[in-house]
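**Student:** would you be able to build a 3D model of this:
(2 chains)
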Amino acid sequence: MTDYLLRAVEVRKYFAGVKALDGVTLEIRPGEVHCLAGENGCGKSTLIKIISGVYQRDSGTIEFDGKELTKITPISAIMNGIQVIYQDFSVFPNLTVMENLAINSQLVEKRKIVNWKNMRKIAEQAVARIDFKVDLDAQLGELSVAEKQMVAICRALMFNAKLIIMDEPTTALTKKEVKALFKVILQLKEQGISILFVSHKLDEVFEISERFTVFRSGKLIATGDTSELDNQKFTYYMTGREFEVKPFVPAKLTPEPLLEVEKLSLDGFYSDISFSVKGGEILGVTGLLDSGRTELALSLFGMRPVTGGKIKIRGKEVELKDPQTAIANKIGFVPEDRLSEGLFLDQSIGDNIAISVIDELTSRGLMDKARYQGEIDKWVKELSIATPDPGNAASTLSGGNQQRIVLAKWLACKPDVLILNGPTVGVDIGSKYDIHQILQKLAGNGMAVIIISDDLPEILENCSRVMVLKDGRMAGEFGTSEASEKMILDKMM
Amino acid sequence: MAEKLKVSFKKDSHIWRLLIIMVVWFLFMAITKGGKFYSLVNFQTMFSQFPEFGLMSLGVMVCMITGGIDLSTVGIANMTAITVALLMRNAGSESGSLGPQWFLLVFVIAILMGAVTGAFNGILVSKCKIPPILATLGTGQLFTGIGIVMTNGSAISDFPKDYAFLINNKVAGIPVQFILFAIAAAVLVFLLKKTTYGKKITLLGSSQNVARYSGLKVDWILIKTYLISGICSALGGMIMLANYNSARSDYGSNYTLQCILIVVLGGVDPDGGKESITGVLLAIFLVRALETGINRFPQISSYYISLIWGAVLLLVMVLNYFSSHNIHLFKKKA
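**Tutor:** Numbering: from 1, shown residues only, chains lettered A, B, ... in the order given. Below is the predicted model of the structure:
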């Protein structure tokens, strides 16, 4: 029987009568990488905050390093060797790396006068522990996200950390940076430090962790060795639903393409792009962040009018100079950033849905309240948006439901061509699956769908063809039945 | 029922707040001044006074719903009043009389001037992307300056008296000023509640970027909004011309702040995205009732009015901040 570093047993926490944690147990061994997974709202953040002393538990016991902790405050947690690296890293962007690293020890020693030499020494020692190469005099705000994260890790190590909790550390990192982070995690493990890795990305969980714990709706669902876990089980634990992933097969195609573009160019962003999409097809477009994929999408919606080339809709050439002409030509567009482009967050769910067709829901120029409400109710039901009242603000919903509102807004316009830029960014697994089903069904009903995404499994499962962009040019086009992630990645890089 | 009332209290807290203040104030006036305040003449006077800044407030309101503001209302009002006064002076002498067709003509001219100046504001805000607060501060100064040049800075009062006579009249005991205001307010209620325009400006005020992505004609909606504001201001100027029986470029200089106070008090969010014409209409009346009431106390000099409005505006904004961030000053945290 191995001794545990941390044992949180039967922890309960209520917020205004709502159960956030319903008797969960989490056990972490010394020197292990443990993954804590679960969908948004499952209680994982609440537990972390209890362990680190931000919240107080209502019942349950927490043992750390052999002794029971009765009352935890943020300071006592740090003193005991528990460190949390939050998603925003809690660093000072206006200070240098050195100042960020040394400031805590300066404060602890109650120094009023800064000893620069001493500070540099402290900072050098801190970065040396994980072989992190960085200019100590650089302003933190100028560093990349990954570098900021490393600084936060270095700072955490300075306090004899025994357990480091990382809250979704890979969200904003590139693939290469994730690799570097994992190397550091393994180094820490060798030094005997336990890591609690919070994530809901399957591949990362399999790659880095030895043991896992899954929460769902405040309850412990499963815990065990990662080696006994597979993709399907993990998804089931997270969502409580079985998903059957079946690659999209187009049913019936329209004889003529609904959208055709020839030698499309936008100066400085992309050039010479030609493709066509038939009704019933789902075309995937992928590429790196600067490949021009977003600009191409914006051009097809009239937000960034093209500087060269032809766009044909149903065989007729059109000039898309603004979103209104695009909408008039039956093009719908789900933008990349739901919060600043897709949704009026503080307005009602209903208004968000009906705004795109508001001019049609009138009689003799006046608003037809009954038809307006009817349209809203129809879409809330059709896309099963989970809300007690469509009059509530859109911001009250989860990411998945918010994305459904944006979809509903465009489906209400009955588009022939639907373009989606990152349709499932920031959406939990269950909703992601549902959105994919909706898109496949739309294509089945004869719509031409274009999915722009860098989530390759998403593209491979849902598209019939994929076009790869690189530096603003077409780098390849595959049928997804014969393509693999590696083939696409090779063309992207 | 109690539950329903609670929901409405929460949802329309601005309107409830206004009603409570109003009841308290009217009770206070009843106790302290009684019949001196509660006379038909006093109410008729109030109803002839508030339309001038009431109209301007309605203009500021539509701009604020879109997340903008109109600081040029007073400038537009004065320039319109001066233009119309000069026109009427040239058409007839001080004692002379103008035919009824003239009244129609001057109102058409006023509406046109409001539309042109307002559209100019709208173009600056939408096409040139100048922040509304700067664009309208600039145009306000410009219009005031034009007025000064047209009048050499002095008042114009030697225009036919029958204009002021007509507007200062009463129909069945109701002041004509109020009738004009009521027509304009009715048109705005219709626009905001019955047509798609109200929903569009509210959503646009929430986020211009999302509005663009939703296919709304953002620029055109903004131009239309400032144009409406311009017309409201010009009509306000026409009533000022009658109430003062003269026109001058520095009349009503404290109305700018007063209009903003009314609109914020009425429950419109200065960041945009919230429509509340009922609240604004109540606030217009409340502000006039407050001022009239204060004037009944000879101890308080009318010089205090600016000070009071400034303080009330800040107080309301602070209260709004607290209520929108769920901070309860006198209650324990739940």
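
**Student:** up against chain A, what does the stretch 51-200 of chain B have?
**Tutor:** Within the stretch 51-200 of chain B, the positions near chain A by Cβ under 8 Å from any Cβ of the partner chain are B:194, B:195, B:196, B:199, B:200. For every residue, glycine as well, the C-beta is placed using N, CA and C.

**Student:** neighbour-wise, which of these leads?
**Tutor:** residue B:200 (23 neighbours; other Cβ atoms under 10 Å in any protein chain shown).

**Student:** that residue against residue B:216, yeah?
**Tutor:** Yes. Residue B:200 is in contact with residue B:216 according to Cβ atoms under 8 Å; the separation is 6.0 Å.

**Student:** joint contacts of these two?
**Tutor:** Listed contacts common to residue B:200 and residue B:216 are residue A:355; contacts here mean Cβ atoms under 8 Å, 6 or more residues apart in numbering or on different chains.

**Student:** quick one: contacts for residue 209?
**Tutor:** All of this refers to chain A. So residue A:209 contacts A:33, A:34, A:35, A:197, A:226 (Cβ under 8 Å, 6+ apart).

**Student:** ah, I was thinking of chain B
**Tutor:** Applying Cβ under 8 Å, 6+ apart, we find residue B:209 in contact with A:340, A:341.

**Student:** name the residues of the host helix or strand of it that are buried.
**Tutor:** Assessed by DSSP states H and E, residue B:209 sits inside helix B:208-213. Across helix B:208-213, burial judged by 16 or more other Cβ atoms under 10 Å in any protein chain shown covers B:208, B:210, B:211, B:212, B:213.

**Student:** so which strand or helix has the closest residue to the third one other than its chain neighbours?
**Tutor:** In this structure, residue B:211 finds its nearest non-sequential neighbour in residue B:204, 4.3 Å apart by Cβ to Cβ, 6 or more residues apart in numbering or on different chains. Residue B:204 is part of helix B:196-206 when elements are defined by DSSP H and E.

**Student:** right, and residue B:194 touches residue A:366 too?
**Tutor:** Yes. Using Cβ under 8 Å, residue B:194 is in contact with residue A:366, at 5.0 Å.

**Student:** now do the same contact list for residue 188.
**Tutor:** Unless you meant another one, I'm taking chain A. When contacts are counted by Cβ under 8 Å, 6+ apart, residue A:188 is found next to A:130, A:153, A:157, A:164, A:195.

**Student:** let me rephrase: I mean chain B.
**Tutor:** So residue B:188 contacts B:58, B:62, B:228, B:232, B:277 (Cβ under 8 Å, 6+ apart).

**Student:** how about the secondary structure of it?
**Tutor:** helix (DSSP: H, G, I helix; E, B strand; the rest coil).

**Student:** just the pLDDT for it.
**Tutor:** Note for residue B:188: predicted pLDDT of 95.

**Student:** where's the residue most central in space within chain B, which helix or strand?
**Tutor:** Residue closest to the average C-alpha location in chain B (Cα atoms, centre = their mean): residue B:57, at 1.7 Å. Using DSSP H and E, residue B:57 sits in helix B:40-65.

**Student:** circling back: could you export the buried residues of helix B:208-213 as a markdown table, including pLDDT?
**Tutor:** Shown next, in a markdown table, are the buried residues of helix B:208-213 (pLDDT from 0 to 100):
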| residue | pLDDT |
| --- | --- |
| B:208 | 91 |
| B:210 | 93 |
| B:211 | 93 |
| B:212 | 91 |
| B:213 | 91 |
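
**Student:** quick one: name the residues of the stretch 1-150 of chain A near chain B.
**Tutor:** Going by Cβ under 8 Å from any Cβ, the residues of the stretch 1-150 of chain A near chain B are residue A:16.

**Student:** ok, now how distant is the residue of the stretch 1-150 of chain A found nearest chain B from residue B:168?
**Tutor:** At 7.0 Å from chain B, residue A:16 is the closest residue in the stretch 1-150 of chain A, using Cβ to the nearest Cβ. Here the criterion is Cβ to Cβ, to the nearest Å. By it, residue A:16 lies 59 Å from residue B:168.

**Student:** quick one, which of those two is more surrounded?
**Tutor:** For residue A:16 and residue B:168, the more surrounded residue by other Cβ under 10 Å is residue B:168, and the numbers stand at 15 against 6.

**Student:** show me what contacts the more buried one?
**Tutor:** Here residue B:168 is in contact with B:48, B:175, B:176, B:177, B:242, B:243 (Cβ under 8 Å, 6+ apart).

**Student:** mark which of the residues you listed are part of strands, please.
**Tutor:** Those of those mapping onto strands are residue B:175, per DSSP state E.

**Student:** where does pLDDT dip in the stretch 1-150 of chain A?
**Tutor:** A:1-2 (pLDDT under 70).

**Student:** helices along that one, start to end?
**Tutor:** A:44-51, A:74-80, A:97-108, A:116-128, A:145-157 (DSSP state H, counting those that start in this stretch).

**Student:** right, so of these, which gets closest to residue A:207?
**Tutor:** Closest to residue A:207 of the helices of the stretch 1-150 of chain A is helix A:145-157 (Cβ to Cβ; 17.0 Å).

**Student:** tell me what the closest one is packed against?
**Tutor:** Applying 3 or more Cβ pairs under 8 Å, 6 or more residues apart in numbering or on different chains; DSSP states H and E, we find helix A:145-157 packed against strand A:82-85, helix A:97-108, helix A:116-128, strand A:163-167, helix A:175-190.
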